[in-house]
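J.: sequence first, then the predicted structure:
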Amino acid sequence: MPAVKAIRAIGHRTINAVWRIGMATRFFFFTLMYSGSGFRRFHLIIKELFSTGVMSLIIIIVAGLFVGMVLGLQGYETLKRYGSESALGTMVALSLVRELGPVVAALLFASRAGSAMTAEIGLMKATEQISAMEMMAVNPIARIVAPRFWAGVISMPLLAALFSAVGVFGGYLVGVL
Amino acid sequence: MSSSNLVEIRDLNFAYDKRPILQGINMVFPKGKLITIMGLSGCGKTTLLRLIGGAIKPTKGYVKVDGQIIHELNQGGLYDLRRKMGMLFQFGALFTDMSVYDNVAFQMREHTDLPEELIHDLVLMKLHAVGLRGTHNLMPSELSGGMARRVALARTVALDPMLIMYDEPFAGLDPISLTVVGDLIRSLNDALGATSIIVTHDIQESLKIVDYVYFMANGVIEAEGTPDEIRASGREFVHQFVHGEMDGPVPFHYPGSVYRQDMNLRG
């Protein structure tokens, strides 16, 4: 019966999706719950701030500079038609700070730092390092996940601010020089 | 439970979904003994080790460690018990982002308030016991397979556990490393007064060092005894396993349809 099969498939997918949302929520809840012990190992957060935040600086600065330059160039061409070239700085700054800065910085952060973290934790899982940690009575969420999560929480707004600042500078380069 | 047994397993059953892995297992592990669980790949040996460590829960029966039923413990209780256990994983499972020194110091830093000077001395003593004091500045990626296994052994015994579990400690080792690791397992067990459980299918090396053997096949215990009893065993399965014969109770061919039929031969 194709109809029954189709309904069953829809049900299966729905259950699967709800199950995944539940798992992710539970994981997030545990991350928050064990953050206290994560903060007690503050040196780990510092280490992760370096590998997620500092190591993402290059890509954030380069992308920010070029996004700002493109905004400056395209904005200038349009504003010139209406004789409003003087509003270029405001336009570049507002569009970067309000919209583009946080969104593009978040996408870049997810692709650079997020994928690096996923690969690292995946390798730890495959080589039984996480099982070994559990057998040594150390909670992997407190030791591995929580420091990375909080390093992301701290570094993300700073990177977004830096992206916007460099973008404004890129707009300045095109608009003024 | 007899006070002389550190681990006691009674009527243990375990299934993944509905596929039974272990059925009615009964075992005892007396204090101070080195006991091996042998069997073919996929017969449930590692699952049994995971049940003893509390990583998974049985579907029936229980595992008692130091008088406590493992699956009835909450996370705090389980973690307290695990501090008295050590487990050596198949390929060492060293933390790849830490040096050899930090790997061995890991549990001391996590579970004790010992000053760093004392941790330094303890780490070097543990590494000296496995003959690798000179490697303390190296990273795990700079070690050979046998050396990584020995460092992992030093890390396993870092807090002097009462129970040490070994998951395939001899897999992939050259003959010299094999003997070294085997001797270390025996000598560390005796020096620490610990109880050790080795899961392996390396029959020759393990029979040299252990006190008692459990043979498993298809999720049940097929045979048990001292190494001498196992060597002299007349049971077909044990004989095939010990002598590595191709055919016997464990067939060479995976069950399938009739050969002639598969080849489309008539007559």
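T.: Arrived safely.
J.: residue B:148 - nearest residue in space that isn't next to it in sequence?
T.: residue B:92 (4.3 Å; Cβ to Cβ, 6 or more residues apart in numbering or on different chains). (Glycine included, C-beta is placed from N, CA and C.)
J.: what's near enough to touch the one you found?
T.: Shown in contact with residue B:92 (Cβ atoms under 8 Å, 6 or more residues apart in numbering or on different chains): B:140, B:148-149, B:151-152.
J.: now tabulate those in CSV and tack on neighbour count and pLDDT.
T.: What follows is the contacts of residue B:92, written out as CSV (neighbours: other Cβ atoms under 10 Å in any protein chain shown; pLDDT from 0 to 100):
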residue, neighbour count, pLDDT
B:140, 22, 92
B:148, 21, 90
B:149, 28, 87
B:151, 25, 91
B:152, 26, 91
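J.: and the residues you listed, which two are furthest apart?
T.: B:140 and B:149 (11.0 Å; Cβ to Cβ).
J.: near chain B, which residues of chain A show up?
T.: A:120, A:123-124, A:127-129, A:131-139 (Cβ under 8 Å from any Cβ of the partner chain).
J.: can you do 6 Å?
T.: A:128-129, A:132, A:135-138 (Cβ under 6 Å from any Cβ of the partner chain).
J.: now for those, which pair is the farthest apart?
T.: That would be A:128 and A:137, which, of those, are the farthest apart (Cβ to Cβ) at 15.9 Å.
J.: look at the nearest residue to residue A:112 once chain neighbours are set aside and give its secondary structure.
T.: Using Cβ to Cβ, 6+ apart and skipping the chain neighbours, the partner closest in space to residue A:112 is residue A:56 (4.8 Å). In three-state terms, and counting by DSSP: H, G, I helix; E, B strand; the rest coil, residue A:56 is helix.
J.: hey, where'd the helices end up in chain A?
T.: Counting by DSSP state H, chain A has these helices, from start to end: A:2-33, A:35-40, A:42-48, A:57-81, A:88-94, A:101-109, A:115-126, A:129-135, A:140, A:146-176.
J.: do you know which of these lies nearest residue B:85?
T.: Across the helices of chain A, closest to residue B:85 is helix A:129-135 (Cβ to Cβ), at 7.0 Å.
J.: tell me where the model's unsure across chain A.
T.: Of all residues in chain A, none has pLDDT under 70.
J.: the helices in chain B, which residues?
T.: B:45-52, B:75-82, B:100-111, B:116-129, B:145-156, B:175-192, B:203-209, B:227-231, B:236-243, B:259-262.
J.: out of the ones you listed, nearest to residue A:69?
T.: helix B:100-111 (44.8 Å).
J.: could I get the buried residue list for the closest one?
T.: Within helix B:100-111, the residues scored as buried using 16 or more other Cβ atoms under 10 Å in any protein chain shown are B:100-108, B:110.
J.: that helix - what's its average pLDDT?
T.: Helix B:100-111 carries an average pLDDT of 91.
J.: now that helix - C-alpha only, PDB.
T.: Presented in PDB, the C-alpha positions along helix B:100-111 are these (Å, rounded to 0.1, in the frame of the first residue of the first chain):
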ATOM      1  CA  VAL B 100      52.800  12.100  27.600                       C
ATOM      2  CA  TYR B 101      53.400  13.800  30.900                       C
ATOM      3  CA  ASP B 102      50.000  15.600  30.900                       C
ATOM      4  CA  ASN B 103      48.300  12.400  29.900                       C
ATOM      5  CA  VAL B 104      49.600  10.600  32.900                       C
ATOM      6  CA  ALA B 105      49.000  13.600  35.200                       C
ATOM      7  CA  PHE B 106      45.400  14.000  33.900                       C
ATOM      8  CA  GLN B 107      43.600  12.000  36.600                       C
ATOM      9  CA  MET B 108      45.800  13.300  39.400                       C
ATOM     10  CA  ARG B 109      44.900  16.900  38.400                       C
ATOM     11  CA  GLU B 110      41.200  16.200  37.900                       C
ATOM     12  CA  HIS B 111      40.600  14.100  41.000                       C
END
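J.: rebuild the helices of chain A as JSON lines, extending it with mean neighbour count.
T.: Converted to JSON lines, the helices of chain A look like this (neighbours: other Cβ atoms under 10 Å in any protein chain shown):
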{"stretch": "helix A:2-33", "mean neighbour count": "10"}
{"stretch": "helix A:35-40", "mean neighbour count": "15"}
{"stretch": "helix A:42-48", "mean neighbour count": "15"}
{"stretch": "helix A:57-81", "mean neighbour count": "17"}
{"stretch": "helix A:88-94", "mean neighbour count": "18"}
{"stretch": "helix A:101-109", "mean neighbour count": "19"}
{"stretch": "helix A:115-126", "mean neighbour count": "13"}
{"stretch": "helix A:129-135", "mean neighbour count": "21"}
{"stretch": "helix A:140", "mean neighbour count": "18"}
{"stretch": "helix A:146-176", "mean neighbour count": "20"}
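J.: using JSON lines, lay out those helices together with distance to residue B:231.
T.: Output for the helices of chain A, formatted as JSON lines (distance: least, Cβ to Cβ, whole Å):
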{"stretch": "helix A:2-33", "distance to residue B:231": "50"}
{"stretch": "helix A:35-40", "distance to residue B:231": "50"}
{"stretch": "helix A:42-48", "distance to residue B:231": "51"}
{"stretch": "helix A:57-81", "distance to residue B:231": "63"}
{"stretch": "helix A:88-94", "distance to residue B:231": "83"}
{"stretch": "helix A:101-109", "distance to residue B:231": "62"}
{"stretch": "helix A:115-126", "distance to residue B:231": "38"}
{"stretch": "helix A:129-135", "distance to residue B:231": "33"}
{"stretch": "helix A:140", "distance to residue B:231": "42"}
{"stretch": "helix A:146-176", "distance to residue B:231": "52"}
